[in-house]
Every structure is written in C-alpha cells, then in structure tokens.
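Visitor: starting from these lines, generate the structure:
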Amino acid sequence: MAKSVKLSELVQELDLKVIMPAKDYEEIEISNGDVNRPGLQLSGFMEAFPYKRIQIIGNVEYNYYMQMTPELRYERFRGILSEEIPCIIFSYNREVTQDILDLANYYNKTLIISEYATTKLISKLSMSLEKHLAEELTIHAGLMEVYGSGVLIKGQSSVGKSETALDLVIRGHRLVADDVVDIKKIDNQLYGTSPENIRHFMEIRGLGILDIRRLYGVGSVKIDSRIDLVIELEKWDENKEYDRLGLEDDSDFILGVEVPKLTVPVKPGRNIAMILEVAVRNLRQKNLGYNSAKYLTSRLFNDMNPSETKNNHYVNMYENL
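Guide: Okay, the predicted model is just below:
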C-alpha cells in the first residue's frame, strides 16, 4: 500500500503559513515524494504536467510571472490551479497577488508561503517527504549503537539479545531499541528506531522492565541509528560447523538493502558483548580495505610457497601501514 502524509502535518513540521486553505485542507494527502517548479507551465506548456506533486514558486518563477500582463498571468495560473494539484508554496515570503488568490478560491486549492529561500525550502521539504514516505518494516530484534555503528541484534526469544544489549550499555554504548525495531529505508540506507511507547525501556528476565535512560543517563540512549551490521545470535549447536576464519562474507537483505551479517553462537562463558565490539571494529577495517583473515591466509600461502612473488594485495597493504 502506498504511503502518504497529510499536507497539514508537513505545514506544521516546516513552519509554513497557509494563506488560502482548500475546503478539504485537513484531508489532503501527499503520496509523491518529488516536488515541481512549474516554470514550463507558466510559459504555457502543460503537457506531461506532474500535477500530483507539490508545486514550488521560487524566485525565478515569481519574477517571470510578475512580468506578464495581468490577463496572461491569470490565464497561466488558471491552467495550473485547474489541475488536481495538492498545493502551491511560494518561497521568500512572496506576496501573492489577488488574482491568484481568487483563482485558488474558485478552484478550491491551497496556497502556502514560506520564509525559506527556494533551495532550502525544497531541501527541507524533500527530506521531510522522504522520511514520511519511506518504506518501513517492523521486526523483532534489538538495535545498539556501538562505536558509532548501528548493530541490529537478531535471534530467537530467550537467546540473550536484551542481556547482550544491557552489557553493551554498561560498556558505554547506546541503546536505540530493545525487542522491537522500526526500520525505514531512506536513500538506500536503513535506519532503525524504537516504537515511541517503549523507547528507552528494556526487559530483562528476572529483573523486569528497566528504564535505561534513568539508570544510565541520557548518553546511554539514542532515538535512531543507521543499520551497519546484523548480528544473528543462536544457541550453540555442537553438531554445527561454525566459521572459524571469517573468509566467507554473509549478508542479510532488509527492504532490498544488503547489510553485512555475522552469526554468533551463544553458550555459557562467551562474552557476547565483547565479541560484538570486536565485530564492529573488524567491520571498519574491512570497509577500509583490510581483511585480517585474507591477509593471514595470504601470508601462510606465501610462507608455504617462498618462490612466489609476495605481491598479494593484503601483504602489500599491511607492509605499507
């Protein structure tokens, strides 16, 4: 189902001023994340007019139509306002002429003015629309910010997700969400947050509900975070062969976005929080081009084959550090 946001919500969020509300102003929904500057339409070209978008009258468009005769200006705006546009926003707090106000009233269209410059208005509007119209998903998981990277902690119930998150908080990292994570896809990046009604709270079996912000201070929590790494916790299976070298890269696909993934087996005696800290540090090294597992494998291979020229990418990079 296509998402939408009420125009009135955008107006309030961006501190815009409505000078001519349509009769159904409170019900107007915006479902298109793009905006349009109707310069071509003001010149009389109405083919392929993207009328479903919010229309922005910037400095150029304003100066252009103010040079028209009143009759021509009336005709051009009648062509725009007669379409099913959601609204027109004028930047720079421009004064709207009476003929345009009369046309908006006749065609039941909303006129808005903004104090922002055109470029800033479009930027703020686009960011707000992207946030409201982004694809989203809610999953059962936890989300922590570890060393500035967002770590999504997944796993079956009672595997120790919340206990691991609490241990990370004690180590100085920040809680974003426990148990439920709302994920949005914005600009091909994933961002996670907690539902507002359970934000900053954590459930620990045997202790009950904890308010992390009150227990550890405002620096221990964060409203949202980008998701950079997925950690899948699972109970240790003696019959399963776990990756011991780290040569194979695994990924998780969330809303069509590929995210690096690690499966971490859990058993008594393993410090999972410490392992997650190291995993984040190791991921940063990989993103910088250094893979310790591949470097070690290459070095061992060269030791077994001394006649081979040591021009391996990882050897060269290590020796040049």
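
Visitor: please make it C-alpha for all contacts and neighbour counts, starting now.
Guide: Fine.

Visitor: could you pull out the strands for the stretch 1-150 of the chain?
Guide: Applying DSSP state E, counting those that start in this stretch to the stretch 1-150 of the chain gives strands spanning 5-6, 17-20, 29-30, 35-36, 54-57, 88-90, 111-113, 135-140, 142-146, 149-155.

Visitor: Met46: which of the ones you listed is closest?
Guide: The closest of these to Met46 is strand 35-36. By C-alpha to C-alpha, the value is 12.9 Å.

Visitor: that closest one pairs with which strands, and in what direction?
Guide: Strand 35-36 has its sheet partners listed here by DSSP bridges as strand 54-57 (parallel).

Visitor: distance check, Lys154 against Leu133.
Guide: The gap separating Lys154 from Leu133 is 26 Å, by C-alpha to C-alpha, to the nearest Å.

Visitor: and if you look at Gln285?
Guide: In this view, Gln285 and Leu133 are 34 Å apart by C-alpha to C-alpha.

Visitor: ditto for Gly160
Guide: Applying C-alpha to C-alpha to Gly160 and Leu133 gives a distance of 34 Å.

Visitor: thinking again about what came up before, okay, Gln285 and Leu133: which has more neighbours?
Guide: Leu133 (20 against 13; other C-alpha atoms under 10 Å).

Visitor: what sits closest to that one if chain neighbours are left out?
Guide: Leaving aside its sequence neighbours, Leu133 sits nearest to Lys3 (C-alpha to C-alpha, 6 or more residues apart in numbering; 5.5 Å).

Visitor: list the contacts of the one you found.
Guide: 31, 132-134 (C-alpha atoms under 8 Å, 6 or more residues apart in numbering).

Visitor: now do the same contact list for Ile89.
Guide: With C-alpha under 8 Å, 6+ apart, Ile89 has these contacts: 54-57, 111-114.

Visitor: how about the closest residue in space to Arg37 that isn't next to it in sequence: which residues does it bridge to?
Guide: Distances taken as C-alpha to C-alpha, 6+ apart place Ile56 nearest to Arg37, at 4.9 Å, with adjacent residues excluded. In this entry, Ile56 is beta-bridged to Ile89, by DSSP bridges.

Visitor: which helices and strands sit right next to the strand ranked longest in the chain?
Guide: Scanning the chain for the longest strand, with DSSP state E as the assignment, gives strand 257-266. The contact analysis (3 or more C-alpha pairs under 8 Å, 6 or more residues apart in numbering; DSSP states H and E) places strand 257-266 against strand 229-235, strand 250-254.

Visitor: just checking: what are the partner strands of that strand?
Guide: Sheet partners by DSSP bridges: for strand 257-266, these are strand 229-235 (parallel), strand 250-254 (antiparallel).

Visitor: give me whichever of those strands is most buried.
Guide: strand 229-235 (a mean of 20; mean count of other C-alpha atoms under 10 Å).

Visitor: what angle sits between that strand and strand 142-146?
Guide: With axes from the mean of the first three to the mean of the last three C-alpha atoms, to 10 degrees defining the directions, strand 229-235 sits at 120 degrees from strand 142-146.

Visitor: give me the contact list for strand 229-235.
Guide: So strand 229-235 is contacted by 149-156, 159-161, 252, 259-267, 276, 280 (C-alpha under 8 Å, 6+ apart).

Visitor: how does it look with 6 Å?
Guide: Outside of strand 229-235, the residues within contact range by C-alpha atoms under 6 Å, 6 or more residues apart in numbering are 151-155, 260-266.

Visitor: so how many other residues sit close to the residue nearest to Gly44 when sequence neighbours are not counted?
Guide: Closest residue in space to Gly44, ignoring its immediate chain neighbours: Arg76 at 6.4 Å, by C-alpha to C-alpha, 6+ apart. Other residues lying near Arg76 total 18 when counted by other C-alpha under 10 Å.

Visitor: what pLDDT does Asn188 get?
Guide: As predicted, Asn188 sits at a pLDDT of 89.

Visitor: next one: it from Glu258, what distance?
Guide: On the measure of C-alpha to C-alpha, Asn188 and Glu258 end up 10 Å apart.

Visitor: between these two, which has more neighbouring residues?
Guide: Glu258 (16 against 12).

Visitor: per-residue pLDDT of the closest residue to the more buried one other than its chain neighbours, please?
Guide: Of all residues not flanking Glu258 in the chain, Asp252 sits nearest, at 5.8 Å (C-alpha to C-alpha, 6+ apart). Asp252 is assigned 93 on the pLDDT scale.

Visitor: kindly report the same for Gly172.
Guide: Reported pLDDT for Gly172: 96.

Visitor: before we move on, what about the one 10 residues further on?
Guide: According to the per-residue confidence, Asp182 scores 96 in pLDDT.

Visitor: shouldn't it be in contact with Gly192?
Guide: Yes - if you go by C-alpha atoms under 6 Å, Asp182 and Gly192 touch, sitting 5.5 Å apart.

Visitor: looking at these two now, which is surrounded by more residues?
Guide: Neighbour count, other C-alpha under 10 Å: between Asp182 and Gly192, Gly192 has more, with 27 against 19.
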